[in-house]
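>>> task: produce atomic coordinates for the following.
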Amino acid sequence: MTDTPPLVAGETLIDFVPETPEPLADVESFDRRAGGAPANVAVGLARLGRPPHFWTRVGTDPFGDFLATRLAEEGIPERFVERDAEAATTLAFVSGAEEGPRFSFYRDGTADTRFEDGTVPDDTLESTPWVHAGGVTLADEPARSATLDLLDRAADADCTVSFDPNVRPELWANEAELATICGWAIEETDVLIATPEELRTLGYEGEDPAALATAVTTDGPHAVVMTMGEAGAKALSTDAAPWGQATASHGGYEVDDVDDTGAGDAFSAGLIDALARAAAREDPSVASLEDALAFANAVAAMSTTERGAMEALPRKRDVEAFLES
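Have a look, this model is predicted:
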């Protein structure tokens, strides 16, 4: 395994997870959990033995204290974990009901909307093999410009760039703005991770997943990985990918799931780890794109066995044991 850590960029927030599966208006009590898609990916990578640099920003309020401590306990280096004394930490309430938005965000002017250009210097990017970012910080300025600047400089530094648009329409003025801004990020992306529904929201057409993925590759990515919930995942890569041209699918695993919050982030962590190993040819167990999907789906499945997005993120030895069984 390479000794050079990847870099993850994006929000860290508090997820309030309801104790009962009811509409939020009817919930009486919640569990406080650390969350935020990029934060989940960062912790997932750390538990897989690939602790990344993590560029994030939280307040100096008690919620920010809790999150900063949690990241440190997970082995995330403090260098790019910023504390903002002038803004609060973002909160999100997770709906346990099937109807309505899955998340209700409280992030008007919060710390993760206030990322600043150039916080991650060029020399860090020049020694970083992989950069991953999510779409939530693109919804507000100045974090939008700072995130796009990071992706642009990462591409110039020949980092492998992965991007999860993490489409949350409630954070955007309209779908046209969402599609345009995420489109700018996709132009700098090598590996796009999204659901088919998210790709259609971003303006790509096609009922067939292969056609959707092919359409995305015309905008820049050399690999498109589509997460499909209980149906597993599908992927397509072009000959520009380090692991070559391929199509792959994996049906996922059956587990006794408790909470699927953050399962997609767990998948992203597993995928980044597996594809990094495939590109470096450092692990014969990941010899193909399908092997990478199998590993990522195992990480995602195991992450659903406890409440909260981070709590059940597995360690690599546990994933290997799961796959062997």
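
>>> end to end, how far does stretch 68-77 reach?
10 Å (CA to CA, to the nearest Å).

>>> ditto for stretch 255-269
Span of stretch 255-269 from end to end, CA to CA: 19 Å.

>>> equivalent analysis for stretch 248-266, please.
19 Å.

>>> kindly report the same for stretch 30-46.
27 Å.

>>> repeat that for stretch 278-292.
With CA to CA, one end of stretch 278-292 sits 8 Å from the other.

>>> and the contacts of it?
Applying CB atoms under 8 Å, 6 or more residues apart in numbering, the contact partners of stretch 278-292 are 1-2, 160, 223, 235, 237, 242-243, 246-250, 271, 274-275, 277, 295. All C-beta spots, glycine's among them, are computed from the backbone N, C-alpha and C.

>>> list only buried entries from those residues.
Neighbour counting over the contacts of stretch 278-292 (16 or more other CB atoms under 10 Å) leaves 160, 223, 235, 237, 243, 246, 248-250, 271, 274-275, 277, 295 as the buried ones.

>>> beyond the longest helix along the chain, next helix or strand please.
As assigned by DSSP state H, the longest helix anywhere in the chain is helix 263-280. Using DSSP states H and E, the helix or strand that follows helix 263-280 towards the C-terminus is helix 289-303.

>>> so Thr214: helix, strand or coil?
Of the three states, Thr214 takes helix under DSSP: H, G, I helix; E, B strand; the rest coil.

>>> so how far is Glu306 from it?
Separation of Thr214 from Glu306 (CB to CB, to the nearest Å) stands at 37 Å.

>>> same question, Gly35
The gap separating Gly35 from Glu306 is 13 Å, by CB to CB.

>>> which of these two has more neighbours?
Gly35 (26 against 14; other CB atoms under 10 Å).

>>> need phi/psi at that one.
phi -150, psi -160 (degrees, to the nearest 10).

>>> repeat for Val8
Backbone phi and psi, for Val8 under degrees, to the nearest 10, turn out to be phi -110, psi 140.

>>> list the contacts of it.
38, 41-42, 45, 52-55, 131-133.

>>> what bridges to it?
Beta-bridge partners recorded for Val8 (DSSP bridges): Phe54, His132.

>>> wait, Arg83 sits on Ala68?
Yes: if you go by CB atoms under 8 Å, Arg83 and Ala68 touch, sitting 6.8 Å apart.

>>> those two: who's more crowded?
Between Arg83 and Ala68, Ala68 has the larger neighbour count (other CB under 10 Å), namely 21 against 17.

>>> and that one, what's its pLDDT?
pLDDT for Ala68: 98.

>>> show the contacting residues for it.
58, 78, 81, 83.

>>> centre of the chain to the longest helix of the chain, how far?
10 Å (CA atoms, centre = their mean, to the nearest Å).

>>> now swap in stretch 150-162 and tell me
The answer for stretch 150-162 is 16 Å, by CA atoms, centre = their mean.

>>> and for stretch 134-144?
14 Å.

>>> buried stuff in it?
For stretch 134-144, burial by neighbour count (16+ other CB under 10 Å) applies to 134-140, 143-144.

>>> Three-state assignment for Ala211, please.
helix.

>>> that one - how many residues pack around it?
For Ala211, using other CB under 10 Å, the count is 13.

>>> I'd like the distance between it and Thr189.
19 Å.

>>> what's the closest non-adjacent residue to Arg307?
Leaving aside its sequence neighbours, Arg307 sits nearest to Asp259 (CB to CB, 6 or more residues apart in numbering; 4.4 Å).

>>> quick one: contacts for the one you found?
Contacts of Asp259 by CB under 8 Å, 6+ apart are 17, 304, 306-308.

>>> just the buried members of the residues you listed?
Buried by 16+ other CB under 10 Å: 17, 304, 307-308, out of these.

>>> now for these: which two are most distant?
The distance between the two most remote of these (CB to CB) is 13.0 Å, for Val17 and Thr304.

>>> and the pLDDT for Gly251?
95.
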